[in-house]
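J.: Model the structure of this input:
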Amino acid sequence: MIKKLYIVCIALLLMFPPLADACVGKVLRIGAVSSVDGTLLSEMLAIMINERTGSTVNIKYYATSAELYEAVRSQQIDILVENTARALHILNKPAGSSPAKTYEAVKASYENEKGLIWLKPFGLLNGSEGEGRSYAAPVLKVEVLTNFPALPRVIDKLANIITDEIYARLTKSMDSGEKPTSVARAFLKSKKLI
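T.: Residues are numbered from 1 along each chain as shown. The predicted structure is shown next:
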């Protein structure tokens, strides 16, 4: 009986290896446009990946979308934080009939035209400068999925975690002088994600 149980346990470990083993010792680079949401969401993403996989995560902020996408093209960035309003501008496409349809259209265009994969969004947020409501989401290069196949499962734990109320509360903490890393870490702990 014990021998059978041992064999079953070994089989399960081989079928479902620990997530950390796939990423330990690796380095991932996150890029975002330097903004409140870009900073906050990048910090959450970096902390989550580091805590859950053991990968080292470096974040770099860019003044403009053009600089961010040049960094992606020149292999300096593996993951970026993007929102659908900015993505529509980059793609030069009109918004869909709903935020969800816009997300699906952007997701398909990025995969087909740029080799970038949109994961589940952090949430639907009110936009600034007349952008309207848009989804903010992590976007991965195709090669990252190949090299880190378990990574989407880790990142998707952040899906739909941000609401307008939560975003307002977290940004208020940052505005009052709290470091983005501390704000992000406290929030993830409160959700029992780290």
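
J.: report the longest strand in the protein, please.
T.: In the chain, assigned by DSSP state E, the strand with the most residues is strand 133-141.

J.: Give me the residue at the spatial middle of this protein.
T.: For the chain, the residue nearest the mean C-alpha position is residue 138 (2.9 Å; C-alpha atoms, centre = their mean).

J.: That residue against residue 158, yeah?
T.: Yes - using C-beta atoms under 8 Å, residue 138 is in contact with residue 158, at 7.5 Å. To be clear about C-beta, it is placed using only N, CA and C from the backbone, and glycine gets the same treatment.

J.: any residues in contact with both of the two?
T.: 45, 122 (C-beta atoms under 8 Å, 6 or more residues apart in numbering).

J.: Quick one: list the elements packing against the longest helix along the chain.
T.: In the chain, with assignment by DSSP state H, the single longest helix is helix 36-53. For helix 36-53, the packing partners by 3 or more C-beta pairs under 8 Å, 6 or more residues apart in numbering; DSSP states H and E come out as helix 19-23, strand 27-33, strand 56-62, strand 79-83, strand 133-141, helix 151-155, helix 164-175, helix 180-190.

J.: do you know which of the ones you listed lies nearest residue 94?
T.: strand 133-141 (13.5 Å; C-beta to C-beta).

J.: Could you look up the next helix or strand downstream of the closest one?
T.: Per DSSP states H and E, strand 133-141 leads on to helix 142-147 as the next helix or strand towards the C-terminus.

J.: any idea how far the closest residue to residue 145 other than its chain neighbours is from residue 77?
T.: Nearest in space to residue 145, with sequence neighbours left out and distances taken as C-beta to C-beta, 6 or more residues apart in numbering, is residue 117 at 6.2 Å. Per C-beta to C-beta, to the nearest Å, residue 117 is found 14 Å from residue 77.

J.: Can you tell me the SS state at the nearest residue to residue 95 once chain neighbours are set aside?
T.: Leaving aside its chain neighbours, residue 95 sits nearest to residue 102 (5.0 Å; criterion: C-beta to C-beta, 6+ apart). Secondary structure assignment for residue 102 (DSSP: H, G, I helix; E, B strand; the rest coil): helix.
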